[in-house]
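Engineer: what's the 3D shape of this:
(one chain, ligands or ions: 1)
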Amino acid sequence: MNFSSKILEEAVNQVSQLPGIGKRTALRLVLHLMRQPEQQTDALAQSLLSMRNDLKFCKKCHNVSDNDLCEICISHNRDQNLVCVVEDIRDVMAIENTSQYKGLYHVLGGKISPMDGVGPQDLNIPSLINRVKEEGIQELIFALSPTIEGDTTNFYIYKQLSDLDVNTSTIARGIAVGDELEFADEVTLGRSILHRVPYENSMKS
Ligand SMILES: [Zn+2]
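Structural biologist: Have a look, this model is predicted:
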């Protein structure tokens, strides 16, 4: 791509570093920004800087936060005895969007994956074990992806907790709402039968 301006070229190069954005899309976005009122581009640049400089991670659950402790951890309306263990902050957002869960979270920051060189020491597992020891948590809900890495991570944490008095559960896995049974893969269908629920429970949801 030939640019008549080094400044434009640099802007396109920077934007094209973002995941899923090629040079052509980057150019389209940069040209769009050029046509916007100056305040709008300033606001975008300012919010990116602020995200970089001011955004924190909650000292307790590792969720993103504007303060040392996040809104969820300091809320009086949340069940302090219940902690949902998730892989990253997008999972917190997804579960919060359901409005079905009123406990706390613990964000691991990934899954154990020897193939990618991610071991237990790279994740927020020690702080989770400390929370169980110190906060009197009664139940941990494992809500990691149903993959080999997710299962390995669940099992590793479960073993670490073996001497501690805490209940562990995992989110139900099965047929998605609205799915036709004949199109479900056999692992999913098998799990759904294995983890069937009393009919009265299914009517409540
Ligand atoms: Zn928090």
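Engineer: Next one: the spatially most central residue of the chain relative to the ion, how far apart?
Structural biologist: Taking CA atoms, centre = their mean, the centroid of the chain lies closest to D88, which sits 2.6 Å from it. Going from D88 to the ion by CB to the ion, to the nearest Å gives 14 Å. All C-beta spots, glycine's among them, are computed from the backbone N, C-alpha and C.
Engineer: can you give me the mean pLDDT across the longest helix along the chain?
Structural biologist: Using DSSP state H, we find that the single longest helix of the chain is helix 38-54. Averaging pLDDT along helix 38-54 gives 94.
Engineer: can you check stretch 101-119 too?
Structural biologist: Stretch 101-119 shows a mean pLDDT of 95.
Engineer: Do me a favour and get the end-to-end distance for that stretch?
Structural biologist: Using CA to CA, to the nearest Å, one end of stretch 101-119 lies 29 Å from the other.
Engineer: Kindly report the residues of the protein close to the ion.
Structural biologist: Within the chain, the residues that sit near the ion (CB under 5 Å from the ion) are 58, 60-61, 63, 70, 73.
Engineer: Which members of those residues are positioned in helices?
Structural biologist: Among these, the residues falling in helices (DSSP H) are C73.
Engineer: one step back: now the longest helix of the chain: how far from the chain's centre is it?
Structural biologist: Computed by CA atoms, centre = their mean, to the nearest Å, the chain-centroid distance of helix 38-54 equals 24 Å.
Engineer: Then stretch 24-40?
Structural biologist: Distance, stretch centre to chain centre, for stretch 24-40: 30 Å (CA atoms, centre = their mean).
Engineer: just to revisit the earlier point, so the residue nearest to the centre of the chain makes contact with H106?
Structural biologist: No. Contact criterion CB atoms under 8 Å: D88 and H106 do not qualify, at 11.5 Å.
Engineer: Quick check: next helix or strand after the longest strand belonging to the chain?
Structural biologist: Longest strand of the chain, by residue count under DSSP state E: strand 79-86. Counting by DSSP states H and E, the element after strand 79-86 in chain order, helix or strand, is helix 89-98.
Engineer: what packs against that following helix?
Structural biologist: On a contact count with 3 or more CB pairs under 8 Å, 6 or more residues apart in numbering; DSSP states H and E, helix 89-98 meets strand 79-86, strand 103-107.
Engineer: what angle separates the longest strand of the chain from strand 103-107?
Structural biologist: 30 degrees (axes from the mean of the first three to the mean of the last three CA atoms, to 10 degrees).
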